[in-house]
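Engineer: Task: produce atomic coordinates for the following.
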Amino acid sequence: MRKRAAVLCAAAVVAGTVTAVPADASAPGAADTAHAATLTWKSCGTTDHPTLQCASLKVPLDHQHPYGKQITLALSRVKHTTRKSLGPLLVNPGGPGGSGLTLAGFVASSLPKSVASRYDVIGFDPRGVGRSRPALDCEPGHFDAVRPDSVPSSPAIERANLQRAKSFAAACGRKYASVLPYIDTVQTVRDMDAIRAATGYRRTSYLGYSYGTYLGAVYAKLFPQRVKRLVLDSIVDPTGVWYDDNLAQDQAFNDRHRALMSWIAKYDSTYKLGTDPEKIEAKWYAMRGALAKKPAGGKVGASELEDTFMPGGYYNGYWPYLAEAFAAYVNDKNTDPLVEAYENFGAVDASGANGYSVYTSVQCRDAAWPRDWNQWRKDNWEVYDKAPFMAWNNAWYNAPCAFWPTDSPRPVNIANGKLPPVLLFQATNDAATPYVGGLTVHRMLAGSSLVVEEGGGNHGITLSGNTCLDKHLAKYLSDGTVPRGGGEIDAACPKLPDPKPPTSKAASPSARGSALHGLLGFRG
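Structural biologist: This is a model prediction of the structure:
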């Protein structure tokens, strides 16, 4: 949802539109390929993904009323090249609010050719996102700098942040009153089955990252008979959606931020910030305090600094750039690298504004949030006392849900004993989706297998340069084989080495890792 760290070309949707009408959209699994329209695919290739094709598909705004108002989904595909296909492999980058169009090309080019060539790899912009229509943008400029300090250290600061949250929720309600009740995970899952039906296949395979793991688990719950193969990477804890999950993130992000401080200490000869991680962390908070009083370049205040460093909790490939900006500010009083880092990692562009509008729309609708702000205040101060790095920043990011204009049903219980073998991937030190999520879903999906990246802290770990993980993924997508360990986990892979400073020949993270994390973005 944030500006991507890597510049990636999104595929243009230039195809014709078709309408998919399930035989009985209200009944899970009833979408009938005999009643579904076919898709018209047209070339929309890019330099990186020349074989990419695009199409669009009309689906009901409300799947309980299949002949009512229709909306349009934007789709992308890399078609199989073998004589016999394994059918569609839907892919999703998370969010909620992430565009999946370019992800199809990335996945198809990153899997072994012997595997990718057997699938139609299909990406999509979920309802409300990107090139799907309508695309939401509740309040342009909501993240314009400089925002109030995220830490509500005075009643005035708290009031300012509360007003921003209320304003955003009210703007969404005014602009999209007829749409918001249908922007949620369950409706998106039914869209996925409409895509599956439009391909003409009775079953689909799926690869989802981050929020995409919850999307995939809910799809499997509602349509178990439609699942061929299911891969979930960096797994949301479905028992905490969404208020509790966000509180749980804060401790994990604080730990990951401290891992960055330890990494900087290891390279004191480069960054000259010291060799004691705790003292380096103190310098970071001193920088934060100074920026709260005088924003760098008139853009980077305390809140924007948190936005800038938060992506380092998702992907350690960003660490050298963040450390360089930190060191330039502290050692040389040079704000230029910090402003550049903010523009690359923290600033929210038009795509990010759309992503955040969908993020809030889905999460605020999916499950009940506390409506009493006193509960938020109590919980987040308790977290802040232990994990200050992202506690209040994360709270304000989600605060519109306290004032959201739609009601919320109960979350879906994703427990499932009706699936073929499912493959799960989780890093032990993941901040955005902490490790407990992988263990929980492993228990809830009977017959699933969990592959763990031991000591890994990145979010999104397959197709990111770890050959051990990717071998498990390729084997499963090829023939359905999963590892069986018989314990809490089924297989373990060593983590990739941390990056090194730019002065080292080994500085650069893997090209695939950078490309993937540019697509996955942040906050989901």
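Engineer: so where is the stretch 201-350 of the chain shaky, pLDDT-wise?
Structural biologist: Applying pLDDT under 70 to the stretch 201-350 of the chain flags no residue at all.
Engineer: got the residue ranges for the helices in it?
Structural biologist: Using DSSP state H, counting those that start in this stretch, the helices of the stretch 201-350 of the chain run over 211-222, 243-266, 268-271, 277-293, 302-309, 319-332, 336-341, 350-366.
Engineer: Which neighbouring elements make contact with the first one?
Structural biologist: Which is helix 211-222. Packing partners of helix 211-222 (3 or more CB pairs under 8 Å, 6 or more residues apart in numbering; DSSP states H and E): strand 88-92, helix 185-199, strand 204-209, strand 227-233, helix 436-444. Any C-beta I mention is one placed from the backbone N, CA and C, and that applies to glycine too.
Engineer: can you put those in TSV and add distance to Thr467?
Structural biologist: Converted to TSV, these look like this (distance: least, CB to CB, whole Å):
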stretch	distance to Thr467
strand 88-92	20
helix 185-199	30
strand 204-209	18
strand 227-233	15
helix 436-444	20
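Engineer: Now render the ones you listed as JSON lines, adding mean neighbour count and distance to Leu215.
Structural biologist: Formatted as JSON lines, the helices and strands packed on helix 211-222 follow (neighbours: other CB atoms under 10 Å; distance: least, CB to CB, whole Å):
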{"stretch": "strand 88-92", "mean neighbour count": "27", "distance to Leu215": "6"}
{"stretch": "helix 185-199", "mean neighbour count": "24", "distance to Leu215": "6"}
{"stretch": "strand 204-209", "mean neighbour count": "27", "distance to Leu215": "6"}
{"stretch": "strand 227-233", "mean neighbour count": "25", "distance to Leu215": "9"}
{"stretch": "helix 436-444", "mean neighbour count": "20", "distance to Leu215": "13"}
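Engineer: So which of these is nearest Cys172?
Structural biologist: helix 185-199 (16.2 Å; CB to CB).
Engineer: just how off-centre is the closest one within its chain?
Structural biologist: 19 Å (CA atoms, centre = their mean, to the nearest Å).
Engineer: The helices and strands packed on helix 211-222: which one's closest to Tyr329?
Structural biologist: When those are compared by CB to CB, strand 204-209 sits nearest Tyr329, at 32.4 Å.
Engineer: Show me what the closest one is packed against.
Structural biologist: So strand 204-209, by 3+ CB pairs under 8 Å, 6+ apart, packs with strand 88-92, helix 185-199, helix 211-222, strand 227-233.
Engineer: what's the following helix or strand after the first one?
Structural biologist: This means strand 88-92. The C-terminal neighbour of strand 88-92 among helices and strands, as given by DSSP states H and E, is helix 101-110.
Engineer: so after that next one, what's the next helix or strand?
Structural biologist: helix 113-116.
Engineer: which helices and strands does that following helix pack with?
Structural biologist: With contacts taken as 3+ CB pairs under 8 Å, 6+ apart, helix 113-116 sits against helix 101-110, helix 467-479.
Engineer: Could I get those helices in JSON lines, plus columns for mean pLDDT and mean neighbour count?
Structural biologist: Output for the helices and strands packed on helix 113-116, formatted as JSON lines (pLDDT from 0 to 100; neighbours: other CB atoms under 10 Å):
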{"stretch": "helix 101-110", "mean pLDDT": "98", "mean neighbour count": "25"}
{"stretch": "helix 467-479", "mean pLDDT": "98", "mean neighbour count": "18"}
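Engineer: Tabulate the ones you listed in JSON lines, adding columns for distance to Gly486.
Structural biologist: Converted to JSON lines, these look like this (distance: least, CB to CB, whole Å):
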{"stretch": "helix 101-110", "distance to Gly486": "30"}
{"stretch": "helix 467-479", "distance to Gly486": "16"}
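Engineer: which element is Cys493 on?
Structural biologist: Element membership for Cys493 (DSSP H and E) is strand 491-494.
Engineer: Distance from that strand to the middle of the chain?
Structural biologist: Its chain's C-alpha centre and that of strand 491-494 lie 23 Å apart, by CA atoms, centre = their mean.
Engineer: Would you tell me which of the helices and strands packed on helix 113-116 gets closest to Val348?
Structural biologist: In terms of CB to CB, the element of the helices and strands packed on helix 113-116 nearest to Val348 is helix 101-110, at 19.0 Å.
Engineer: which other helices and strands contact the closest one?
Structural biologist: Contacting helix 101-110 under the criterion 3+ CB pairs under 8 Å, 6+ apart are the following elements: strand 70-78, strand 88-92, helix 113-116, strand 120-125, helix 511-520.
Engineer: The strand holding Cys493 pairs with which strands?
Structural biologist: strand 449-454 (parallel) (DSSP bridges).
Engineer: Mind listing residues that contact the strand it pairs with?
Structural biologist: For strand 449-454, contacts defined as CB atoms under 8 Å, 6 or more residues apart in numbering pick out 421-428, 438-439, 442, 461, 466, 469, 472, 482-485, 488-495.
Engineer: For those residues, which ChimeraX command selects only the ones that are buried?
Structural biologist: Buried members of the contacts of strand 449-454, defined by 16 or more other CB atoms under 10 Å, are picked up in ChimeraX with:
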select :421,422,423,424,425,426,427,428,438,439,442,461,466,469,472,482,483,489,490,491,493,495
